[in-house]
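Q: Structure of the sequence below:
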Amino acid sequence: MASAKGAREKKETMKTKTNLRPTSGSRSVKSASSLRSQLDVLSKENKELKSCLTKTEEQNLELKEKLRSLTYEIIDSSNKAEKQLEFDPNMDVVDIPLDELKSLIAMLSTSHTKAKSSLFETRIEEVETRITLLSGELGKLVKLKLKVQNGLQGIISCSDLEDAKKQARQLWIESCATDIFVEPVSEKKETPKHRDDVDNVRHPIIRNCRSASLPYAIAINLQKVEISPVSRKLPANTHITDMSENLTKLIVQELSLYKGSGADWRMLAKRVGIVDTMIKQWEAMKIAQPMKNVLCVWGESPGATVRMLHRHLISPQMRKVILAKRISDHYIVD
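A: As a prediction, the model looks like this:
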């Protein structure tokens, strides 16, 4: 009886478990729905990726166009600066290696910086020249003021009217003698009696020169100048009137010779502030060594130092490198 009851309970338990298990049909329906939902998600992500790819391609094309236009600008700038970029003409400019573009940009920026610094240097030299000119004029005015003061004091202390008139006249002469850019007084030469003598005075010939047929104005500036080396360099703030005699003579000879570019005594005279009328007057006089006049007039300024002379010689306009080297061998200009 008990065994039959146990067998019956087992059968009921087995039925219950069988009823709890899902059927194969329901399992396939669930898997299909999950796959459909996953497919929908993937399709949505695929659409988003396609739209993102389209936008990225459009942005890439825009960046390529910008890069192409910038590269063309760099190439045009390099051609204007006479710095050719070597690349295959059939190659798209976008495919030019980045290192070559970087080096080209560096060269262009360096040249631009040099040009800018050269412009600044030129302007600084112009300002220094004007300051030198003004300081020279100020020195002349101070001297004139002292002369007037001393002259007036002397006139006041005069007891005789004639002495006062003489001192007043002397003061007036000294005041009139103070002028701007006065040409150095040259020694008076005897007036020749015959026409041949006139020609000889205007264009004398140096007989001991290697080329005896050269005019005096050229031959005197071609004479050899011996400059002995120095054991110790002198300071660059030395005034030009205190330069060594032979070095001054060499500078006078080199710059007195006329150059087609104009980089001679005329350019230096303009740079130190000498007026054009005085320069043209010296040219008309056909002075053999007009650089002496330039040094004499400029030498009245306290700012006419060897350093300033050296700066003028190495300027981009004059480019007297060899002559500047001679100065740097004797003075500390660096």
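Q: residue ranges of the strands in this structure, please?
A: 234-235, 331-332 (DSSP state E).
Q: Leaving out chain neighbours, which residue sits closest to residue 136?
A: Nearest-residue entry for residue 136: residue 301, 3.2 Å, with adjacent residues in sequence omitted and distances by CB to CB, 6 or more residues apart in numbering. C-beta here means a position set from N, CA and C on the backbone, and glycine is covered the same way.
Q: residues touching that neighbour, list them.
A: Residues in contact with residue 301, defined by CB atoms under 8 Å, 6 or more residues apart in numbering, are 132, 133, 135, 136, 139, 272.
Q: For stretch 233-241, measure first residue to last.
A: Using CA to CA, to the nearest Å, one end of stretch 233-241 lies 17 Å from the other.
Q: Just the buried positions in that stretch, please.
A: Under the neighbour-count criterion of 16 or more other CB atoms under 10 Å, stretch 233-241 has 236, 238, 240 buried.
Q: what's the answer for stretch 314-330, then?
A: Per 16+ other CB under 10 Å, stretch 314-330 contains these buried residues: 314, 315, 318, 320, 323, 324, 326, 327, 328, 330.
Q: Which positions within stretch 261-277 qualify as buried?
A: Quick answer for stretch 261-277 (16+ other CB under 10 Å): 263, 264, 265, 266, 267, 268, 269, 270, 271, 272, 273, 274.
Q: Residue 71 is in contact with residue 96, correct?
A: Yes - between residue 96 and residue 71 there is a contact under CB atoms under 8 Å: 6.4 Å.
Q: so which of the strands of the chain gets nearest residue 110?
A: In terms of CB to CB, the element of the strands of the chain nearest to residue 110 is strand 331-332, at 29.3 Å.
Q: returning to that earlier point: okay, the buried residues of stretch 233-241 in TSV with distance to residue 249 next?
A: Output for the buried residues of stretch 233-241, formatted as TSV (distance: CB to CB, whole Å):
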residue	distance to residue 249
236	20
238	16
240	13
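Q: Restricted to helices, list those residues.
A: Within these, no residue falls in helices by DSSP state H.
Q: Which of those scores worst on pLDDT?
A: Here the lowest pLDDT out of those sits on residue 236, with 88.
Q: Number of residues surrounding the residue lying closest to it once chain neighbours are set aside?
A: In this structure, residue 236 finds its nearest non-sequential neighbour in residue 307, 3.8 Å apart by CB to CB, 6+ apart. Summarising burial for residue 307: neighbours were counted as other CB atoms under 10 Å, giving 17.
Q: quick one: contacts for residue 307?
A: The contact partners of residue 307, by CB under 8 Å, 6+ apart, come to 236, 237, 331, 333.
Q: what do you get if the cut-off is 10 Å, keeping everything else the same?
A: 235, 236, 237, 238, 327, 331, 332, 333, 334 (CB atoms under 10 Å, 6 or more residues apart in numbering).
Q: If we only consider those, which is nearest to residue 162?
A: Nearest to residue 162 among the contacts of residue 307 is residue 238, at 47.1 Å by CB to CB.
Q: what about the residue lying closest to that closest one once chain neighbours are set aside, distance to residue 77?
A: Spatial nearest neighbour of residue 238, chain neighbours left out: residue 306 (4.9 Å); criterion: CB to CB, 6+ apart. From residue 306 over to residue 77 the distance is 41 Å, taken as CB to CB, to the nearest Å.
Q: How far away from the center of its chain is stretch 67-74?
A: The chain centroid and the centroid of stretch 67-74 are separated by 28 Å under CA atoms, centre = their mean, to the nearest Å.
Q: CA atoms of that stretch as PDB?
A: Provided in PDB are the C-alpha atoms of stretch 67-74 (Å, rounded to 0.1, in the frame of the first residue of the first chain):
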ATOM      1  CA  LEU A  67      46.800  72.700 -46.600                       C
ATOM      2  CA  ARG A  68      47.100  72.900 -50.400                       C
ATOM      3  CA  SER A  69      46.500  76.700 -50.400                       C
ATOM      4  CA  LEU A  70      49.000  77.200 -47.600                       C
ATOM      5  CA  THR A  71      51.600  75.100 -49.300                       C
ATOM      6  CA  TYR A  72      51.100  77.100 -52.500                       C
ATOM      7  CA  GLU A  73      51.600  80.300 -50.500                       C
ATOM      8  CA  ILE A  74      54.800  78.900 -49.000                       C
END
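Q: Let the chain start at 45 from now.
A: From this message on, residue numbering opens at 45, which makes the last subject stretch 111-118.
Q: Compute the mean per-residue pLDDT across it, please.
A: Rounded mean pLDDT across stretch 111-118 is 77.
Q: Could you give the number of residues near the residue nearest to residue 282?
A: Residue 350: 23 neighbours (other CB under 10 Å).
Q: again with residue 270
A: The burial count for residue 270: 7, using other CB under 10 Å.
Q: circling back to that earlier point, farthest-apart pair in the contacts of residue 345, please.
A: Within those, 183 and 316 form the most distant pair, 14.3 Å apart (CB to CB).
Q: quick one, what contacts the residue nearest to residue 347 when sequence neighbours are not counted?
A: Counting by CB to CB, 6+ apart, residue 347 lies nearest to residue 176, which is 4.0 Å off, once chain neighbours are set aside. Residue 176 makes contact with 315, 316, 317, 342, 345, 346, 347, 348, 349, 352, according to CB under 10 Å, 6+ apart.
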